[in-house]
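Colleague: I would like to see how this sequence folds:
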Amino acid sequence: MTTIKEVRAEIEKIDHEIIELIHKRVGMAAKVLEAKKKERININDPSQNTVVQDRAVDAATEKNLDTSSVKEIFEILIRMSIERQHELSGEGNLP
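Modeller: Numbering: from 1, shown residues only. Model (predicted):
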């Protein structure tokens, strides 16, 4: 029989994996910024933001997850990437 402590330890491990993936995703901002500069695309690209959110909602639907919550999570991830790109370009407000 599984104890609550064991379940919580497993959740903690998953939480660390999620943080690592967020770090990896935000870390892609430098590559994204470089490509956007070459292709003369603004840092905030609303059409691409929509593509990312739609893709996330579709994936959430397939997994029977709350799509509005997943959309909110991806709005945050997109915002984090945009903020990092602004920071890297010298326009950011982050330390």
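Colleague: ok, now which ones touch the residue sitting nearest the centre point of the chain?
Modeller: Centroid check for the chain by C-alpha atoms, centre = their mean gives residue 77 as the closest residue, at 3.1 Å. Going by C-beta atoms under 8 Å, 6 or more residues apart in numbering, residue 77 touches 22, 25, 26. Where you see a C-beta, it was placed from the backbone N, CA and C, and this is true even at glycine.
Colleague: okay, it: pLDDT?
Modeller: pLDDT for residue 77: 98.
Colleague: Residue 85: how many residues sit nearby?
Modeller: 23 (other C-beta atoms under 10 Å).
Colleague: Double-check it against residue 35; I have them as touching.
Modeller: No: taking C-beta atoms under 8 Å as the definition, residue 85 is not a contact partner of residue 35, at 10.6 Å.
Colleague: if we can go back for a sec, which of the contacts of residue 77 lies closest to residue 52?
Modeller: Nearest to residue 52 among the contacts of residue 77: residue 25, at 10.5 Å, using C-beta to C-beta.
Colleague: With residue 64 as the reference, measure out to that closest one.
Modeller: Residue 25 is 23 Å from residue 64, where distance means C-beta to C-beta, to the nearest Å.
Colleague: The two - which one has more neighbours?
Modeller: The residue with more neighbours, out of residue 25 and residue 64 and counting by other C-beta under 10 Å, is residue 25; that gives 14 against 7.
Colleague: SS state for that one?
Modeller: helix (DSSP: H, G, I helix; E, B strand; the rest coil).
Colleague: same check, this time on residue 91
Modeller: coil.
Colleague: what about it, how many residues close to it?
Modeller: Residue 91 has 10 neighbouring residues, counting by other C-beta under 10 Å.
Colleague: where exactly do the helices run in this structure?
Modeller: 4-27, 29-38, 46-62, 67-88 (DSSP state H).
Colleague: contact partners of the third one?
Modeller: Looking back up the chat, that one is helix 46-62. By C-beta under 8 Å, 6+ apart, helix 46-62 touches 66, 67, 70, 71, 73, 74, 75, 78.
Colleague: And the first one, by the same measure?
Modeller: In this structure, residues lying in contact with helix 4-27 by C-beta under 8 Å, 6+ apart are 77, 80, 81, 84.
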